[in-house]
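**Student:** Fold the following and give me the result.
(chains A and B)
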Amino acid sequence: MNSQNTSSLIKICGEFKAAFLKDLRSYVRYPAWLVGEFISTPLWFFFFALGVTLFSPTNVTNSSVNTFDFFYFGFIFIILFSTAVWGIGQSIRNEQQAGTLEQFFLAPVNRATLIVGRWARVFLTDVLIIGYTTVIVYTLGNEQPVMLNPGLFLYSLGLYEIGLIGFGLFFAGLTMRIKSYNTLSNIVFFGYMILTGALFPIDVIPIPFRYISMAIPFTYFIDLMRNAALSTSTILPAPTEYFMATILAFSMLLIGFAAFNKIEEQARVKGTISAM
Amino acid sequence: MGRFVGGGNASTYFATRTGTTNILVYEMLGSAVWMTSWLVVEDVGVSLRHEQVSGTLEQNFLAPIDRATLLVGMSLADVVITTGIFLIAVGATVVLTMRADIVGLLQAYLMLLIGLIPLFGMCFLFSGIIIRFKEPYVFVQIVNVLFAVLTGTYYPVALLPFWIRFLSGFLPQTYVIEDMRQIILANQTLVSLYGNVFVLFALALVYPTIGYAIFKRIERKASVTGEFSKY
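**Tutor:** You can find the predicted model right below:
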């Protein structure tokens, strides 16, 4: 690696660190939000998990996958997905509403670094919430989540996160175009919960809708993470699905970057970056 | 989701735990009470904050009327909304899915209305806290998810650990949901459920008294520190 490449890499790392710290400072500045997030997120999990429990067998069975484990991982996938929709996408809208988006974009740093810095902060918070929810679940119900293949799980998680950053960037771009962002994010979020198999296997989705599920990249990331953690069967043969998911993750990242840059460029030309 | 968890016997497992096979009405009753609570908390709890942000809180408080009248007046609109939710969500579901018993529906509606009184009392308390700490949406979010978990919105509270059930006993919605389910799904009457009705009346006395006292205390403090006009 020559010295020019090294200095570029150091510059990007510095920008990333600055973006991450900027977001962390903004986050801890509002302790009520912080406390609210840490209290309500695990409570939502318990709420839905207990509701689902009503339908589970009354006696312990030898089923291959424990309902708790399946649902627990669903909870993790949903929290991480919300990072892309509300973490990355919403951040642009928030800056827009606060009137700071132009200042944000005038900073002499790469836009993507700023957004990835934001993602890193949200990811850190998510991991903390997931971690302490796991401890609570273990303490209250003595339920210990299963992790059969941590290596493959981390690999699949990495793909999922790469896909999420791409999707988040695309969504962040949309916020400059679509002003009724909340409606769109709610539709996307509930569509994700129903169609991607986050909370139940896509086998239970009726056939015409299952094709839609299979056309969504997140379905495969979720499927692979569950396969790695719980040894569930995969939709496609496992090696094919891993290969396909890898291609999909990086494609999503590239498309997300390209879409964000394109939309931003158009917004700068039209002067609609700050239009609310 | 239920089918995935319980397979072909999902509704049997549900019936074993809840005592009814009518999943839709069971869940709808819980949802309707939860939705009502959500609306009331958001309306009454946050409305004073809206006045604060728009700069009209002081004018409201300077009007020559009692604070209690002001707070109760803000709450009354929710009775109309609650009636709407009951008719659309509960009424329609019951009429469409089971043999409708008008007297039963009326008793369930009455139960819901009685449950609103302690809820308003709790909201007086929330109003005070929100004036003091600002950040209404965080507070509403926490309160609503707590209500959802503790009051048995989608499951019987008997599923909860003992110490959580103990906390549930302090929330009026726990009794409202349980009694509405008993009235509509198990053909019980308000008379046969007199124990819960009595507790609900007791809560209807306690919560508004405590809520208003705390609200007044926070208000007094805020009038000294000038908290009213702060964002």
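
**Student:** C-alpha only now, for contacts and for neighbours.
**Tutor:** Noted.

**Student:** To which secondary structure element is the most centrally placed residue in chain B assigned?
**Tutor:** For chain B, the residue nearest the mean C-alpha position is B:S37 (3.1 Å; Cα atoms, centre = their mean). Taking DSSP states H and E as the criterion, B:S37 maps to helix B:23-40.

**Student:** Helices along chain B, start to end?
**Tutor:** Counting by DSSP state H, chain B has helices at residues B:2-6, B:10-18, B:23-40, B:46-54, B:57-62, B:67-85, B:92-97, B:102-133, B:136-150, B:162-168, B:172-185, B:194-225.

**Student:** among these, which is the most enclosed?
**Tutor:** Ranked by mean neighbour count under mean count of other Cα atoms under 10 Å in any protein chain shown, these are led by helix B:172-185, which reaches a mean of 24.

**Student:** Sketch out the low-pLDDT regions of chain B for me.
**Tutor:** Chain B contains residues with pLDDT under 70 at B:1-6, B:45, B:228-231.

**Student:** What segments of the stretch 51-200 of chain A are helices?
**Tutor:** Assigned by DSSP state H, counting those that start in this stretch, the stretch 51-200 of chain A shows helices spanning A:67-82, A:90-98, A:101-106, A:111-141, A:150-177, A:181-195.

**Student:** wait, does the first one contact chain B?
**Tutor:** Yes - among the residues of helix A:67-82, A:T67 lie within reach of chain B under Cα under 8 Å from any Cα of the partner chain.

**Student:** angle of that helix against helix A:181-195?
**Tutor:** Orientation check (axes from the mean of the first three to the mean of the last three Cα atoms, to 10 degrees): helix A:67-82 against helix A:181-195 gives 150 degrees.

**Student:** How about the fifth one?
**Tutor:** Interaxial angle, helix A:150-177 versus helix A:181-195 (the same axes, to 10 degrees): 150 degrees.

**Student:** which helices and strands does helix A:150-177 pack with?
**Tutor:** In terms of contacts (3 or more Cα pairs under 8 Å, 6 or more residues apart in numbering or on different chains; DSSP states H and E), helix A:150-177 is packed against helix A:90-98, helix A:111-141, helix A:217-230, helix A:238-270.

**Student:** for the shortest one, same thing?
**Tutor:** Counting contacts by 3+ Cα pairs under 8 Å, 6+ apart, helix A:101-106 is packed against helix A:90-98.

**Student:** can I get the CA coordinates of the helix it packs on in CSV?
**Tutor:** Output of helix A:90-98 as CSV, limited to C-alpha atoms (Å, rounded to 0.1, in the frame of the first residue of the first chain):
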residue,chain,number,x,y,z
GLN,A,90,-34.6,9.0,10.0
SER,A,91,-31.3,10.7,10.9
ILE,A,92,-31.4,12.7,7.6
ARG,A,93,-35.0,13.6,8.2
ASN,A,94,-34.2,14.7,11.7
GLU,A,95,-31.3,16.9,10.5
GLN,A,96,-33.6,18.3,7.9
GLN,A,97,-36.3,19.2,10.4
ALA,A,98,-33.8,20.7,12.8
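
**Student:** For that helix, name the packing helices and strands.
**Tutor:** Judged by 3+ Cα pairs under 8 Å, 6+ apart, helix A:90-98 is in contact with helix A:101-106, helix A:150-177.

**Student:** Name the residues of it that come out as buried.
**Tutor:** A:90-93, A:96 (16 or more other Cα atoms under 10 Å in any protein chain shown).

**Student:** Now do that helix: distance to the chain's middle.
**Tutor:** Centroid separation between helix A:90-98 and its chain, computed with Cα atoms, centre = their mean, to the nearest Å, is 18 Å.

**Student:** Same check on stretch B:26-43?
**Tutor:** 6 Å.

**Student:** separation between the closest residue to chain B within the stretch 151-276 of chain A and A:R226?
**Tutor:** Using Cα to the nearest Cα, the closest approach of the stretch 151-276 of chain A to chain B is made by A:F200 at 5.9 Å. Distance from A:F200 to A:R226, counting by Cα to Cα, to the nearest Å: 11 Å.

**Student:** okay, and the common contacts of the two?
**Tutor:** When contacts are counted by Cα atoms under 8 Å, 6 or more residues apart in numbering or on different chains, A:F200 and A:R226 are jointly contacted by A:F70.

**Student:** Neighbour count: those two, which is higher?
**Tutor:** Neighbours around A:F200 and A:R226, counted as other Cα atoms under 10 Å in any protein chain shown, are more numerous at A:R226. The numbers are 25 against 21.

**Student:** which phi and psi does the nearest residue to that one once chain neighbours are set aside have?
**Tutor:** Among residues not flanking A:R226 along the chain, A:T232 sits closest, at 6.3 Å (Cα to Cα, 6 or more residues apart in numbering or on different chains). Per-residue torsions, A:T232: phi -80, psi 160 (degrees, to the nearest 10).

**Student:** Please apply the same query to the one 3 residues further on.
**Tutor:** Listed backbone geometry of A:I235 is phi -70, psi -50, with angles given as degrees, to the nearest 10.

**Student:** Repeat that for A:A215.
**Tutor:** Dihedral angles (degrees, to the nearest 10) for A:A215: phi -90, psi 0.

**Student:** That one - how many residues pack around it?
**Tutor:** When neighbours are defined as other Cα under 10 Å, A:A215 has 12 of them.

**Student:** Name all residues that make contact with it.
**Tutor:** A:A215 touches nothing, counting by Cα under 8 Å, 6+ apart.

**Student:** center of chain A, which residue is that?
**Tutor:** Nearest to chain A centroid, counting by Cα atoms, centre = their mean: A:F81, 2.8 Å.

**Student:** That one contacts A:L164, correct?
**Tutor:** Yes - using Cα atoms under 8 Å, A:F81 is in contact with A:L164, at 6.8 Å.

**Student:** Residue numbers of the stretch 1-150 of chain A in contact with chain B?
**Tutor:** So far as Cα under 8 Å from any Cα goes, the stretch 1-150 of chain A lies against chain B at A:32-33, A:36, A:39-40, A:43-44, A:46-47, A:50-58, A:67.

**Student:** among the helices of the stretch 51-200 of chain A, where is the model least confident on average?
**Tutor:** Ranked by mean pLDDT, the helices of the stretch 51-200 of chain A end with helix A:90-98 at the bottom, a mean of 75.

**Student:** Specify the angle between that one and helix A:150-177 in degrees.
**Tutor:** Using the same axes, to 10 degrees: helix A:90-98 against helix A:150-177 is 30 degrees.

**Student:** what's the angle between helix A:90-98 and helix A:111-141?
**Tutor:** Between helix A:90-98 and helix A:111-141, the angle comes out at 110 degrees (the same axes, to 10 degrees).

**Student:** that older thread, could you identify which of the helices of the stretch 51-200 of chain A is most buried?
**Tutor:** Buried most deeply of these, by mean count of other Cα under 10 Å, is helix A:150-177, with a mean of 23.
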